[in-house]
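Asker: turn this into a model:
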Amino acid sequence: MAASKLVLEVRISWWLRWYIYGVIITARLTGLDPNWTKVKAMIDRGVKVGRTKAKPSDKHHPGA
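Answerer: Prediction:
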């Protein structure tokens, strides 16, 4: 059986970290829980996952 290679590219928007910090600070200051549905929606907007083409040769691959 031939081995196939899958390469995923994960991109995180520059603003996502600041948004999460803001949610945490606001929750701690107010003592309230965030609306997790809205937080998840923002995280989904800020994180992009996609496939990329595998490089023809990978010297770090143990089977090469």
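
Asker: which stretches in the protein count as helices?
Answerer: Secondary structure of the chain (DSSP state H): helices at 16-30, 36-46.

Asker: quick one, which of the ones you listed gets closest to Leu6.
Answerer: Nearest to Leu6 among the helices of the chain is helix 36-46 (21.6 Å), distances taken as Cβ to Cβ. (Each C-beta comes from the backbone N, C-alpha and C, glycine too.)

Asker: what are the contacting residues of that closest one?
Answerer: Applying Cβ atoms under 8 Å, 6 or more residues apart in numbering, the contact partners of helix 36-46 are 12-13, 15-16, 19-20, 23.

Asker: now it: buried residues?
Answerer: Neighbour-count burial for helix 36-46 flags Gly46 (criterion: 16 or more other Cβ atoms under 10 Å).

Asker: between that helix and helix 16-30, how many degrees?
Answerer: Helix 36-46 and helix 16-30 are oriented at 160 degrees to each other (axes from the mean of the first three to the mean of the last three Cα atoms, to 10 degrees).

Asker: any idea how far the closest residue to Trp15 other than its chain neighbours is from Leu32?
Answerer: The spatial neighbour of Trp15 that comes closest, neighbours along the chain excluded (Cβ to Cβ, 6 or more residues apart in numbering), is Gly46 at 6.8 Å. Counting by Cβ to Cβ, to the nearest Å, the gap from Gly46 to Leu32 is 22 Å.

Asker: go on, Glu9?
Answerer: Going from Glu9 to Leu32 by Cβ to Cβ gives 36 Å.

Asker: gap between stretch 29-41 and the chain center?
Answerer: Offset of stretch 29-41 from its chain centre (Cα atoms, centre = their mean, to the nearest Å): 19 Å.

Asker: and that stretch, end to end?
Answerer: Length of stretch 29-41, first residue to last, Cα to Cα, to the nearest Å: 22 Å.

Asker: from here on, call the first residue 467.
Answerer: I'll keep to 467 as the first residue from here, and by that count the last item is stretch 495-507.
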